[in-house]
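In: below is the sequence, then the predicted model.
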Amino acid sequence: MRRSFLIAAVVTTMGTLPGCGSGTGGSSAPTPSASHRVTVTSSAFAENGTIPRRYTCDGEDVSPPLAFSGVPADTTGLVLVVADPDAPRGTFTHWLMWDIGPRTTELPAGRVPPGAVQGRNGFGKTGYGGPCPPRGDKPHHYAFSVYAADRRPDLAPDATLDDVRRALAGHTLAVGTLTGRYGR
């Protein structure tokens, strides 16, 4: 329970706090609330379920299928962040993607929607890098978070998680997270 609360707190504040390194002091955009939630699901695993091997470094290392609903009508674009808060050296980024069309409702396995841009993951590569925790660790938690933004983030293709955080600060209309687990 404590870990789920920690993941939810980190994910919820990630794009909404003006102090996330933006240095701009915030904006007039609304902050997400309980009534502004994106529902994120996957046909591959349930909330807090085990992520199948296919979607990890031990398998095909392709992104799992995702579906989302509840995106506010005034959303300009969606941003996807996949992160492991249990990594030994702090939160590890597995996937960053933005400029996802605001009416997108699903991402098939291993697919990137037309027009979407992927950022640099913690492996130093662009695109998806599946769960790959150290052998012998307890299963890690992987948060698949979808942000509904009120503007297109102005990001370079090699953007990092910190860049995405700054771009979302004060511009997040709603957020939703699906958490999966994986251990080796």
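Out: Now that the structure is in, tell me what you want to look at. Numbering: from 1, shown residues only.

In: show me the strands in this protein, by range?
Out: Assigned by DSSP state E, the strands in the chain fall at 39-41, 66-69, 77-84, 92-100, 106-107, 117-118, 140-149, 172-182.

In: just so I know, which of the ones you listed lies nearest Gly124?
Out: Comparing the strands of the chain against Gly124 with CB to CB, the closest turns out to be strand 92-100 (10.3 Å). Placement of C-beta: from N, CA and C, glycine included.

In: pLDDT averaged over the closest one - what is it?
Out: Averaging pLDDT along strand 92-100 yields 97.

In: which residues does the spatially most central residue of the chain contact?
Out: The centroid of the chain falls nearest to Val81 when counting by CA atoms, centre = their mean (2.0 Å). By CB atoms under 8 Å, 6 or more residues apart in numbering, the contact set of Val81 is 11, 14, 93, 95-96, 143, 145, 147, 161, 164.

In: which residue comes closest to Ala159 once chain neighbours are left out?
Out: With sequence-adjacent residues excluded and distances taken as CB to CB, 6 or more residues apart in numbering, Ala159 is closest to Gly119, at 4.1 Å.

In: residues near that neighbour, how many?
Out: Using other CB atoms under 10 Å, Gly119 has 24 other residues around it.

In: ok, back up a step: mind listing the residues bridging to the residue nearest to the centre of the chain?
Out: Applying DSSP bridges to Val81 gives these bridge partners: Leu96, Ser145.

In: quick one: low-confidence ranges for the protein?
Out: Counting by pLDDT under 70, the chain has low-confidence residues at 1-35.

In: and for it, the residue most distant from the center?
Out: Going by CA atoms, centre = their mean, the residue of the chain most distant from its centre is Gly136, 25.4 Å out.

In: do you know how far that one is from Tyr55?
Out: Distance of Gly136 to Tyr55, computed by CB to CB, to the nearest Å: 21 Å.

In: what about the helices in the protein?
Out: Assigned by DSSP state H, the chain shows helices spanning 2-14, 161-168.

In: orientation of the shortest one relative to strand 92-100 in degrees?
Out: Direction vectors for helix 161-168 and strand 92-100, defined by axes from the mean of the first three to the mean of the last three CA atoms, to 10 degrees, enclose an angle of 40 degrees.

In: CA-only coordinates of helix 161-168 in PDB, if you can.
Out: What follows is helix 161-168, C-alpha atoms only, in PDB (Å, rounded to 0.1, in the frame of the first residue of the first chain):
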ATOM      1  CA  LEU A 161      12.300  12.900 -18.200                       C
ATOM      2  CA  ASP A 162      13.400  16.200 -16.600                       C
ATOM      3  CA  ASP A 163      12.700  18.000 -19.900                       C
ATOM      4  CA  VAL A 164       9.200  16.400 -20.100                       C
ATOM      5  CA  ARG A 165       8.600  17.400 -16.400                       C
ATOM      6  CA  ARG A 166       9.400  21.000 -17.200                       C
ATOM      7  CA  ALA A 167       7.300  21.000 -20.300                       C
ATOM      8  CA  LEU A 168       4.300  19.600 -18.400                       C
END
